[in-house]
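K.L.:
Sequence and predicted structure, then a few things I'm wondering about:
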Amino acid sequence: MPKLIKNGRVVSDDRTLLTLAEGETPAEVAVPAGPVLVPLPVWLARREELAARAAAGELGVWLDAGEDPAALAGDLAQLAVIAVNFPKFTDGRGYSSATLLRTRLGYTGELRAIGVVLRDQFNYLTRCGFDALQPPADRYSDAELEAAVASIHDFSEPYQGAVTPGQPLFRRARRAA
């Protein structure tokens, strides 16, 4: 079972990540039973059919790099989990998607980073609003994941404002008169 860092703890994850195979269409792909993350095109094509599972917390949606998070604006209240895919280490579009979901769209549920999510990015991902980080399966041992959790807060006072913290350092710091 894959591991995931969720709210500062390493936990096992039982969610299946549904991907479309070559030639499959979003309207026809079989959605497995149990906890699952479906791609945005599947959600958009079958929203009515999948809404009850989403409302029960069993089904979440994942966005690929470049997909607009605003496509989920009307559905955020019923989605317990939204994942954002990082197809490669150098693709930073997922950071923008997370920030948009948290700030402009007001999403408060679990926001998960999936795909090529590496330890070097963990601090930045949490600052952009991700509260769950799912590195590639078998990339890190349990001990390495625990060490990564401890290192997320190595930088105690970032200069820039982000989702967390919202203000830059010069706005947060108190100066003596």
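P.N.:
Arrived safely.
K.L.:
switch to C-alpha atoms for all contacts and neighbour counts from now on
P.N.:
OK.
K.L.:
how about the helices of the chain, start to end?
P.N.:
40-55, 93-102, 122-127, 142-151, 169-172 (DSSP state H).
K.L.:
so which of those helices gets nearest residue 78?
P.N.:
helix 40-55 (4.9 Å; CA to CA).
K.L.:
Can you flag the weakest of the helices of the chain by average pLDDT?
P.N.:
Here the helices of the chain differ in mean pLDDT, and the lowest is helix 169-172 at a mean of 68.
K.L.:
Counting neighbours, what do you get for the closest residue in space to residue 29 that isn't next to it in sequence?
P.N.:
Using CA to CA, 6 or more residues apart in numbering and skipping the chain neighbours, the partner closest in space to residue 29 is residue 20 (7.2 Å). When neighbours are defined as other CA atoms under 10 Å, residue 20 has 15 of them.
K.L.:
ok, back up a step: need the helices of the chain in JSON lines (columns: distance to residue 16).
P.N.:
Shown next, in JSON lines, are those (distance: least, CA to CA, whole Å):
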{"stretch": "helix 40-55", "distance to residue 16": "14"}
{"stretch": "helix 93-102", "distance to residue 16": "20"}
{"stretch": "helix 122-127", "distance to residue 16": "22"}
{"stretch": "helix 142-151", "distance to residue 16": "20"}
{"stretch": "helix 169-172", "distance to residue 16": "40"}
